[in-house]
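[1] fold the following and give me the result.
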Amino acid sequence: MTTTEFQLSTALIAELKHEGATTRKMLALVPTDKLTYKPHEKSMILENLAKHLAEIPTWTSVILNQDELDFAKPYPKTPSFTTSAELLAMYDKNLAEAIKVLEIVKEEEFFRNWTMRHGEQIFFTMPKAAVIRSWVFNHSVHHRAQLGVYLRLLNIALPSSYGPTADDTKM
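    Below you'll find the model as predicted:
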């Protein structure tokens, strides 16, 4: 590969590492004494939100190594955690595995279609590259923002994501 050739996986790995560092900072702030907290009756509890955010990188492998995800079939449960160290270890492992998959995937795999379904009901079919961006990257940012709201309501200072936060005393 010359320097003018573009590898989609290279760009995705760089973005995943960058966003992953921010997600990790947020997960490190999850108060383990408040895991049953939820800000609204329709909200999920903090533990489930944190586990979900920590599991999202695993979808990279599911997307790139399979052609569909069928929610009608059994899917492994995300393990529980009781300490910040356990949560961060889970996230670090999942992120490292996602990066590893991106490092070895063949470029043409990104352009194969992938389907999300529940039995006969198809939610969508898109190229795998689009699914990675939507269901791994964007989905993670979405839930990271939710986690930020939970933390703010628990009076926990927020770290910067794309610039300083209101908690940054340097502003």
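
[2] residue ranges of the strands in the protein, please?
    Ranges of strands within the chain are 68-70, 113-118, 121-127, based on DSSP state E.

[3] angle of the last one against strand 113-118?
    What separates the directions of strand 121-127 and strand 113-118 is an angle of 160 degrees, with axes from the mean of the first three to the mean of the last three C-alpha atoms, to 10 degrees.

[4] need the CA coordinates for strand 121-127. PDB is fine.
    Extracted in PDB, the C-alpha atoms of strand 121-127 (Å, rounded to 0.1, in the frame of the first residue of the first chain):
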ATOM      1  CA  GLN A 121     -38.900  -8.700  10.700                       C
ATOM      2  CA  ILE A 122     -35.900  -6.900   9.100                       C
ATOM      3  CA  PHE A 123     -35.000  -3.700  10.700                       C
ATOM      4  CA  PHE A 124     -32.400  -2.700   8.100                       C
ATOM      5  CA  THR A 125     -29.800  -3.900   5.600                       C
ATOM      6  CA  MET A 126     -26.800  -1.700   4.900                       C
ATOM      7  CA  PRO A 127     -23.100  -2.100   3.900                       C
END
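
[5] other residues contacting stretch 153-170?
    With contact meaning C-beta atoms under 8 Å, 6 or more residues apart in numbering, stretch 153-170 is reached by 22, 25-26, 29, 31, 34, 37, 39, 144, 148, 151-152, 171. (Each C-beta comes from the backbone N, C-alpha and C, glycine too.)

[6] which of the strands of the chain sits closest to residue 134?
    Ranking these by proximity to residue 134 (C-beta to C-beta) places strand 121-127 first, at 7.5 Å.

[7] for the closest one, packing partners?
    Where contact means 3 or more C-beta pairs under 8 Å, 6 or more residues apart in numbering; DSSP states H and E, strand 121-127 is packed against strand 113-118.
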